[in-house]
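Novice: okay, here's the prediction I keep looking at, along with the sequence it came from:
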Amino acid sequence: MKITLAKGLNMGLRKAMEDNPKVLMMGEDVGKLGGVFRITDGLQKDFGEDRVIDSPLAESGIVGTAVGMAMRGYRPVVEIQFDGFVYPAYDQIVCQVAKINYRSQGRVPMPIVIRIPYGGGIGAVEHHSESPEAQFAHTPGLKVVSCSNPVDGYWMIQQAIASDDPVIFLEPKRQYHADKAELDEDATPDPLHASRVIRQGTDLTLIAYGPMVKTSLKAAEAAATEGRSIEVIDLRTLSPLDMGPVLDSVRRTGRAVITHEAHVNLGMGSEVAARITEQCFYSLEAPVLRVGGFDTPYPPSRVEEEWLPDLDRVLDAVDRSLAF
């Protein structure tokens, strides 16, 4: 069966709810409407209003309620409607969700999944196209993951819900309905916190996650027409980072480029670059390069395509690295 990312997430949520009656959904318009991106479409109809709850427009209240529910043995999955709306809940996430398990010496688990559609490229208005992943990955006590394709969406959302740790689950909104992939529901998925080589190569390692994975694969295809062999890695997990496949790859290729939609300054690419430099220094043939958004607030939609890192900017970094 071929599915989109939106369909994969919907199917994964449905499977988790069927398997565990303690799983429930909360968020703005997730019930009757099925969410603004229709990710929860049909779930309230099938599971009822007690398990798929339309909340007030109050992100702090949504996450705070989820904390109480998790303490009572439930596994709440909350949706933040758009990435830029998460900040009213930021205090709850950083001061409560991330810390309660530690403060209780492990006696009070926090099995909360916070779904956040993130990234740009959909022509949205202000506060609807942010990339806040580094802020959450910097917070101890939170797990942070980002799916990039329909199959990962199906499996990773189920794995996140099954986790006893709080998970920030980042969904690249411009990929929701962009592509389809074949899903084998009987397959054995990769672990949740594992990065993956998705294209093999010998000349350079190109590292991405979420919305930039597709762009990176296109860059590798374009480079191949000029005789350059680019290895592409999908990080998938941002906290904890799974650096094993990255380090193995860079030791072979000697070159690395990291790309993400968020602006470069203190972004996820900084941490990945630092770890590569620390552990692969004598294998490197060129500096580790980063490609991201510009160091400004996200721009109006009419110029967002100039702000977002694109195929040309990724290929320019590849050229600069190979020129050393």
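Specialist: In hand now; what should we look at?

Novice: and for Gln92, nearest residue in space, chain neighbours not counted?
Specialist: The shortest distance from Gln92 to any residue other than its chain neighbours is 4.2 Å, reached at Val63 (Cβ to Cβ, 6 or more residues apart in numbering). For the C-beta atoms, the positions are set from N, CA and C on the backbone; glycine is no exception.

Novice: the helices in the stretch 1-150 of the chain, which residues?
Specialist: Counting by DSSP state H, counting those that start in this stretch, the stretch 1-150 of the chain has helices at residues 5-19, 43-47, 59-71, 90-92, 100-103, 133-137, 150-162.

Novice: again with the stretch 151-300 of the chain
Specialist: 212-224, 244-253, 268-280.

Novice: between the second one and helix 268-280, how many degrees?
Specialist: Okay, so that is helix 244-253. Helix 244-253 runs at 60 degrees relative to helix 268-280, counting by axes from the mean of the first three to the mean of the last three Cα atoms, to 10 degrees.

Novice: would you mind listing the buried residues in helix 244-253?
Specialist: Neighbour counts over helix 244-253 (16 or more other Cβ atoms under 10 Å) mark 245-247, 249-250, 253 as buried.

Novice: and for that helix, what's in contact with it?
Specialist: Here helix 244-253 makes contact (Cβ atoms under 8 Å, 6 or more residues apart in numbering) with 195-197, 201-205, 207, 231, 233, 235, 256, 272, 275-276, 279-280, 283-284.

Novice: show me those residues that map onto strands.
Specialist: 196-197, 204-205, 207, 231, 233, 256 (DSSP state E).

Novice: need the helices of the stretch 1-150 of the chain in JSON lines with mean pLDDT and distance to Glu305, can you?
Specialist: Converted to JSON lines, the helices of the stretch 1-150 of the chain look like this (pLDDT from 0 to 100; distance: least, Cβ to Cβ, whole Å):
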{"stretch": "helix 5-19", "mean pLDDT": "98", "distance to Glu305": "21"}
{"stretch": "helix 43-47", "mean pLDDT": "98", "distance to Glu305": "34"}
{"stretch": "helix 59-71", "mean pLDDT": "97", "distance to Glu305": "29"}
{"stretch": "helix 90-92", "mean pLDDT": "96", "distance to Glu305": "29"}
{"stretch": "helix 100-103", "mean pLDDT": "95", "distance to Glu305": "41"}
{"stretch": "helix 133-137", "mean pLDDT": "97", "distance to Glu305": "21"}
{"stretch": "helix 150-162", "mean pLDDT": "98", "distance to Glu305": "24"}
